[in-house]
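[1] What follows is a predicted structure for the sequence shown.
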Amino acid sequence: MPKSERLGSRVTQLAWALLAVGVGAGAVCLIGGIGRAGALERAYLQAVTYFLGLSLGSLSLLMVAHLVRGAWGELCRRVWEAAAALSPLFVILLAPVFVDLSTIYPWADPAAVNEMEPRFAAKVEEKEGYFASWFFWLRAAGVLAAVTALSWLLVRWSTLEDRSRELTWQRRMRVLSGPGLFVLTVVLTFAATDWWKSLDPAWYSTMYPVLFLVGFAVGALALAILVVVLLGRKEMPLAHYLTPLRYGHLGTMLLALLMLWLYVNFGQYLITWSGDLPDKIQWFIPRARTSWKWVAAALLLLHFAVPFLILLPKANRRNPGLLAALAIGVLLLRAVDLHWLLAPSFHPEGASLHWLDIAAFVAVGGLWAALFVWRLSAYPVLPRVRYVLEEREP
């Protein structure tokens, strides 16, 4: 394999540095979490959710890329494969959260249920069978097994395609991607309901899982844009295929996903709030009537309005430097968005950011990023079968 097709040794050094940072931050978390009941677990859940989202969002976009067979998909394919390949890691990372459910989830703590308003406590008791611990763990195992199987098959077949240079593997990946997207949507619905929505067990929303599905895809696309732009400056043969038109395709996709993110968030808010039912609007009350509302306003401005206005001109969508800067901003704001979705369940009195939230994010992020870089550097930056990229552009 030509050396130019792989990343250099400096990338390996970067991976070791990221791992060291993650281990150091993890040690700080363990020491700082002593005597802070639940604080570390809550911060850890948010951190794991963010990086799980990058892996699952990458898996979803990877399957979309196989189905549509666009050049943008081939450019980003190695990035999404490297992120999706880390899905089995979350079997280990989620274990500390699920060992003692009562630390985070109010439905698992009888005392917390008794402190709820009677009408909300009654709704939680109605779901007692669904929230049985053994059933919760069984569903979690099913979710993780499904995403692990999908990611393993797609990454494995892609590796075999590189070795054999036969299109048979490409057809297999395309055939799997159709039903695979359906399976991923179903299991992510269970994950969103069990792992995140059940932080407010009396509340329900059919749109809530969609918020995570779309948000994860936005983060995965921003990650791919950032990595592709950075690698395109030095790595061959990737730079050969990164034309202004193909940068424009990535920018257009980011614009479309940001519009979809706004649509599902505002759609849920508008429909739910207009219903004016206590068991439906309770989730929005702390987010709309406390200082959390300023976080929502910042997300509306920085996560949507600013990128939207920047990406509207075609020339901006074809500017790699601008795309990379926007991708960094979107990745940072994805963490803020997840904090806004989850943290008010723990701090309904107003916006709160504990130092453990940042430390846990750095700890999990250091480990995930190190493994991501190692995985990305182990294979050519582009698939060896480049039939889509070789096609003449219009």
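    Cool, the structure landed. Keep in mind that this is a model prediction, so the values were computed, not measured. Residues are numbered from 1 along each chain as shown.
[2] contacts, neighbours, all on C-alpha from now
    Will do.
[3] which residues are in contact with the host helix or strand of V124?
    Using DSSP states H and E, V124 falls within helix 118-126. Contacts to helix 118-126, defined as C-alpha atoms under 8 Å, 6 or more residues apart in numbering, come from residues W107, V113, N114, P201, A202, D279.
[4] Of all the residues in the helix or strand hosting the last one, which ones are buried?
    Taking DSSP H and E as the definition, D279 sits inside helix 278-281. Of the residues in helix 278-281, those buried by neighbour count under the rule 16 or more other C-alpha atoms under 10 Å are K280, I281.
[5] From the contact counts, what lies against the helix or strand that it is followed by?
    The C-terminal neighbour of helix 278-281 among helices and strands, as given by DSSP H and E, is helix 285-289. Counting contacts by 3 or more C-alpha pairs under 8 Å, 6 or more residues apart in numbering; DSSP states H and E, helix 285-289 packs against helix 292-299.
[6] mind saving the C-alpha coords of the helix it packs on as PDB?
    Only the C-alpha atoms of helix 292-299 are listed here, as PDB (Å, rounded to 0.1, in the frame of the first residue of the first chain):
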ATOM      1  CA  TRP A 292     -32.400  27.700  30.200                       C
ATOM      2  CA  LYS A 293     -34.400  29.800  27.700                       C
ATOM      3  CA  TRP A 294     -31.200  31.900  27.000                       C
ATOM      4  CA  VAL A 295     -29.400  28.600  26.100                       C
ATOM      5  CA  ALA A 296     -32.200  27.900  23.700                       C
ATOM      6  CA  ALA A 297     -31.900  31.400  22.200                       C
ATOM      7  CA  ALA A 298     -28.200  31.000  21.800                       C
ATOM      8  CA  LEU A 299     -28.700  27.600  20.000                       C
END
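[7] Buried residues, it. List them.
    By 16+ other C-alpha under 10 Å, the buried positions in helix 292-299 come out as W292, K293, V295, A296, A298, L299.
[8] Stretch 147-159 now?
    For stretch 147-159, the neighbour count (16+ other C-alpha under 10 Å) marks V147, T148, L150, S151, W152, L154, V155, W157, S158, T159 as buried.
[9] Hmm, the fourth one is touching W80, no?
    Spelled out, it's S151. No: counting by C-alpha atoms under 8 Å, S151 does not reach W80; the two are 9.9 Å apart.
[10] shared neighbours of those two, which are they?
    L59.
[11] Any idea how far apart the tips of stretch 276-291 sit?
    One end of stretch 276-291 sits 21 Å from the other (C-alpha to C-alpha, to the nearest Å).
[12] do the same with stretch 297-313
    With C-alpha to C-alpha applied, stretch 297-313 spans 24 Å between its terminal residues.
[13] cool, and stretch 28-39?
    One end of stretch 28-39 sits 13 Å from the other (C-alpha to C-alpha).
[14] model confidence over that stretch, on average?
    In this model, stretch 28-39 has an average pLDDT of 86.
[15] same check, this time on stretch 149-156
    The average pLDDT within stretch 149-156 is 97.
[16] ok, back up a step: buried residues in the helix holding V124?
    F120, A121, V124, E125.
[17] Also stretch 200-208?
    D200, P201, A202, W203, Y204, Y208.
[18] The stretch 51-200 of the chain: helices as residue ranges?
    Counting by DSSP state H, counting those that start in this stretch, the stretch 51-200 of the chain has helices at residues 71-84, 89-93, 95-99, 110-114, 118-126, 133-164, 168-191.
[19] Can you name every helix or strand that the worst-scoring helix or strand of the chain on mean pLDDT contacts?
    Least confident helix or strand, the chain: helix 278-281 with a mean of 74, by mean pLDDT, DSSP states H and E. The contact analysis (3+ C-alpha pairs under 8 Å, 6+ apart) places helix 278-281 against helix 244-275.
[20] How far away from the center of its chain is the helix it packs on?
    The chain centroid and the centroid of helix 244-275 are separated by 15 Å under C-alpha atoms, centre = their mean, to the nearest Å.
[21] Same question for stretch 210-224.
    6 Å.
[22] now stretch 71-89
    Counting by C-alpha atoms, centre = their mean, stretch 71-89 is centred 13 Å from the centre of its parent chain.
[23] Give me the contacts around that stretch.
    Outside stretch 71-89, the residues that touch it by C-alpha under 8 Å, 6+ apart are 52, 54-56, 58-59, 61-62, 65-66, 144, 147-148, 151-152, 154-155, 220, 223-225, 227-228, 238, 246, 249-250, 368, 371-373, 375-376, 380-383, 386, 388-389.
[24] Perfect, that will be all.
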